[in-house]
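Visitor: After the sequence you'll find the predicted model.
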Amino acid sequence: MDLPAFDPTNWVFVAGLVFARMGALVMLLPGIAESGVPPRIRLSFALAFSLAIGPVVASRLPAEPQVFSAFIALLIYEVLIGLIIGAAARFFLSVAAIAGQVIGYQTGLAMAQSFDPTQNSQGALPAAFLNIVFMLLLFSSNLHHMLLTTAAHSYDLMPAGEAPMMQDAAEWALGLFVDCFALGLQIASPLVVFGLIFYLGLGVLSKLMPQAQIFFIAMPLNILLGFAILAISLGAMSLAWMERFEHFAATLE
């Protein structure tokens, strides 16, 4: 039985095309594309992952073009698809920033800022805390494995060799961003209800005792009760985020 001749150029084409998508995706993937992870480590991981799934997805790739400009166009398409999927997954890190900022306003901790590595900027303390919790849940529940599986299955949803449908991608990304913003408010809803009731009560007391600095006196109580409600609600907050993130990953498989 005659075996087909080994063509190394074909494998270079497959590896380059897969790495174009996976490299762009991994550079934005939650848990991997954080500021604490050096870019060379991310690219090394993307290269290893591309070599691992290359033989599996090779049959879904287009034929090797004979014109160099066509190959460059294929690379651009793959990079765009990787950026779209990676940016969409990264929307879920904004959930903690939104919820944490709202919680900070309700508990009086909005002015207490700290560096948030996931957002690469200053953020409220509750936002940084929720980001750390969500990152811990991402790895402890093996959701990162589901993300990598989703990346490998992305060739079913967005075939290689075809230009991404930017209008559909924009509508999908906009809907996902709206869902993430609503999820952030949903996660912060226990503290929103507490803030409305607490500040309403302080407003009534300030009218009854106008000489007393009610809001200044009640600030320690506000922080204490806010932390207590946050501790009680943290399990439900984490579960809501995990379920929505898992649903997002499942829709791309």
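Guide: Done, it's in. Residues are numbered from 1 along each chain as shown.
Visitor: give me every residue that touches the most centrally placed residue in the chain.
Guide: With the centre of the chain defined as its mean C-alpha position, the nearest residue by C-alpha atoms, centre = their mean is Arg90, 2.6 Å away. Under the criterion of C-beta atoms under 8 Å, 6 or more residues apart in numbering, the contact partners of Arg90 comprise Leu28, Leu29, Pro30, Ala33. No exception for glycine: its C-beta is placed from N, CA and C like everyone else's.
Visitor: Highest neighbour count among those residues?
Guide: The residue in the contacts of Arg90 with the most neighbours, by other C-beta atoms under 10 Å, is Leu29 (25 neighbours).
Visitor: per-residue confidence averaged over the helix or strand hosting Val12?
Guide: Applying DSSP states H and E as the criterion places Val12 in helix 8-26. When pLDDT is averaged over helix 8-26, the result is 79.
Visitor: cool, stretch 199-211 as well?
Guide: The predicted model gives stretch 199-211 an average pLDDT of 83.
Visitor: Contacts for that stretch, please.
Guide: Stretch 199-211 is contacted by residues Ala212, Ile214, Phe215, Ala218 when judged by C-beta under 8 Å, 6+ apart.
Visitor: Next, the contact list for the closest residue to Ser233 other than its chain neighbours, please.
Guide: In space, Ser233 comes closest to Pro190 once its chain neighbours are excluded; the distance is 4.5 Å by C-beta to C-beta, 6 or more residues apart in numbering. The neighbourhood of Pro190, defined by C-beta under 8 Å, 6+ apart, consists of Ile229, Leu230, Ile232, Ser233.
Visitor: hmm, which two among the residues you listed are most spread apart?
Guide: By the measure C-beta to C-beta, Leu230 and Ile232 form the most distant pair in the contacts of Pro190, at 7.4 Å.
Visitor: more neighbours, these two?
Guide: Each of Leu230 and Ile232 had its neighbours counted (other C-beta under 10 Å), and the higher figure belongs to Leu230 (20 against 10).
Visitor: got TSV for the contacts of Pro190, with distance to Tyr199 and pLDDT too?
Guide: Putting these into TSV (distance: C-beta to C-beta, whole Å; pLDDT from 0 to 100) gives the following:
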residue	distance to Tyr199	pLDDT
Ile229	14	91
Leu230	17	89
Ile232	20	91
Ser233	19	91
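Visitor: Closest to Trp241 out of the residues you listed?
Guide: Distances from Trp241 to those, taken as C-beta to C-beta, are shortest for Ser233 (12.1 Å).
Visitor: tell me the secondary structure for that closest one?
Guide: Here Ser233 is helix, with the state taken from DSSP: H, G, I helix; E, B strand; the rest coil.
Visitor: Distance of it relative to Val133?
Guide: As for Ser233, its distance to Val133 is 12 Å (criterion: C-beta to C-beta, to the nearest Å).
Visitor: Likewise for Arg21?
Guide: Counting by C-beta to C-beta, the gap between Arg21 and Val133 amounts to 30 Å.
Visitor: Leu147 now?
Guide: With distances defined as C-beta to C-beta, the gap from Leu147 to Val133 amounts to 18 Å.
Visitor: Look at those two and report which has more neighbours.
Guide: Just comparing Leu147 and Val133: by other C-beta under 10 Å the higher neighbour count belongs to Leu147, 24 against 15.
Visitor: Shouldn't that one be within a helix?
Guide: Yes: with three-state DSSP as the criterion, Leu147 is assigned to a helix.
Visitor: for it, what are its contacts?
Guide: Residues touching Leu147, when contacts are defined by C-beta under 8 Å, 6+ apart, comprise Leu29, Pro30, Gly31, Ala89, Ala249.
Visitor: now, which of those residues lie within strands?
Guide: Here DSSP state E is the test, and those give no hits in strands at all.
Visitor: Could you find which two of these are furthest from each other?
Guide: Greatest spatial distance among those (C-beta to C-beta): Gly31 and Ala249, at 12.4 Å.
Visitor: Look up how far Ile81 lies from the closest residue in space to Gly16 that isn't next to it in sequence.
Guide: Spatial nearest neighbour of Gly16, excluding adjacent residues (C-beta to C-beta, 6+ apart): Leu75 at 7.0 Å. Leu75 is 11 Å from Ile81, where distance means C-beta to C-beta.
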